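Chemist: The following block contains a protein sequence and its predicted model.
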Amino acid sequence: MRCPDLTGRAVILDRDGVINQDSDRYIRCLSDWRPIAGSIEAIARLSRAGLRIAVASNQSGLGRGYFSLVDLNAMHQRMRDLVSAQGGRIDMIAFCPHTPSDGCRCRKPGIALLEEIAERLSLDLAGVPFIGDSLSDIEAARSAGAFPILVRTGKGEKTLVSLDDEKNTKWGANLPIYRDLAAAADALLNNEGCL
């Protein structure tokens with residue numbers, strides 16, 4: 001099966017573990033936010049190819065009081081600036097500030113973040129690549145009709161192990177897996193992501 005035609009379409013990215021290094025202690029401030037090698041260039045390449053770039057990220061550290069909205073905005077501005085310096089653009093960043101106990105619809109694997117992206121970008125989510133590193137990214141993508149792609153960075157290796165669990169095997173069916181965002185971007189741009 002070939003990837004859908006991506007002309008004029010979008011790519012949705014998880015943030016922590018896909019674009020930047022992740023931490024079990026949370027990414028709390030600008031100095032904690034460090035891009036994964038090749039990720040900024042990969043986003044810029046996708047953008048320069050005519051794809052709209054959206055980020056969908058759970059940020060429960062906000063709801064837990066680990067960092068402020070000012071801190072989060074500073075991280076996102078740095079990310080946008082780095083991509084812009086490479087000739088690309090991030091069109092939208094959607095984030096969930098809630099903790100797991102809040103029971104919201106926006107925290108992945110819920111799909112409200114993806115629905116927000118679809119509405120604001122006038123986008124049909126069917127087949128849109130969603131590149132993530134966690135089971136919740138895969139679940140959200142499949143539930144919304146998007147096309148999940150897993151990277152091994154961040155929580156990716158742990159996610160691969162969890163997909164072997166009998167209750168999770170359905171989420172891993174026909175799941176493209178790449179070393180990192182740069183490799184996933186190469187595959188999409190070369191129309192290899194759905195083979």
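Modeler: Received it, and whenever you're ready, just let me know what you need. Not measured: the values here are computed from a predicted model.
Chemist: nearest residue to L150 other than its sequence neighbours?
Modeler: In this structure, L150 finds its nearest non-sequential neighbour in I177, 4.8 Å apart by C-beta to C-beta, 6 or more residues apart in numbering. Where you see a C-beta, it was placed from the backbone N, CA and C, and this is true even at glycine.
Chemist: so how far is A187 from the one you found?
Modeler: 10 Å (C-beta to C-beta, to the nearest Å).
Chemist: higher neighbour count, the two?
Modeler: Between I177 and A187, counting by other C-beta atoms under 10 Å, A187 is the more crowded of the two (18 against 15).
Chemist: Tell me if I'm right that the more buried one and P176 touch.
Modeler: Yes. Counting by C-beta atoms under 8 Å, A187 does reach P176; the two are 7.0 Å apart.
Chemist: The helix or strand containing A184 packs against which elements?
Modeler: Taking DSSP states H and E as the criterion, A184 maps to helix 181-189. Packing contacts for helix 181-189, counted by 3 or more C-beta pairs under 8 Å, 6 or more residues apart in numbering; DSSP states H and E, involve helix 39-48, strand 129-132, strand 147-151.
Chemist: just checking, the residue nearest to L150 touches R152?
Modeler: Yes. The criterion here is C-beta under 8 Å, and I177 meets it with R152 at 6.8 Å.
Chemist: what sits in contact with each of those two?
Modeler: Common contacts of I177 and R152, defined by C-beta atoms under 8 Å, 6 or more residues apart in numbering, comprise L160.
Chemist: quick one: buried residues of the lengthiest helix in the chain?
Modeler: If you go by DSSP state H, the chain has its longest helix at helix 69-85. By neighbour count with 16 or more other C-beta atoms under 10 Å, helix 69-85 contains the buried residues 71-72, 75-76, 79-80, 82-83.
Chemist: Without its sequence neighbours, what residue ends up closest to Q59?
Modeler: Per C-beta to C-beta, 6+ apart, closest to Q59 is F95, 4.5 Å.
Chemist: go on, V128?
Modeler: In space, and not counting its chain neighbours, V128 is closest to A146: 4.7 Å by C-beta to C-beta, 6+ apart.
Chemist: now swap in F130 and tell me
Modeler: F130 sits nearest to A141 (C-beta to C-beta, 6+ apart), 3.8 Å away.
Chemist: how near is L123 to G63?
Modeler: For L123 relative to G63 (C-beta to C-beta), the value is 27 Å.
Chemist: who has more neighbours, these two?
Modeler: Per other C-beta under 10 Å, whichever of L123 and G63 has more neighbours is L123, with 20 against 17.
Chemist: Quick check: that one touching I117?
Modeler: Yes. Under the criterion of C-beta under 8 Å, L123 makes contact with I117 at 6.6 Å.
Chemist: Helices of this protein, residue ranges please.
Modeler: Under the criterion DSSP H, the chain contains helices at 39-48, 60-63, 69-85, 112-120, 135-144, 156-162, 181-189.
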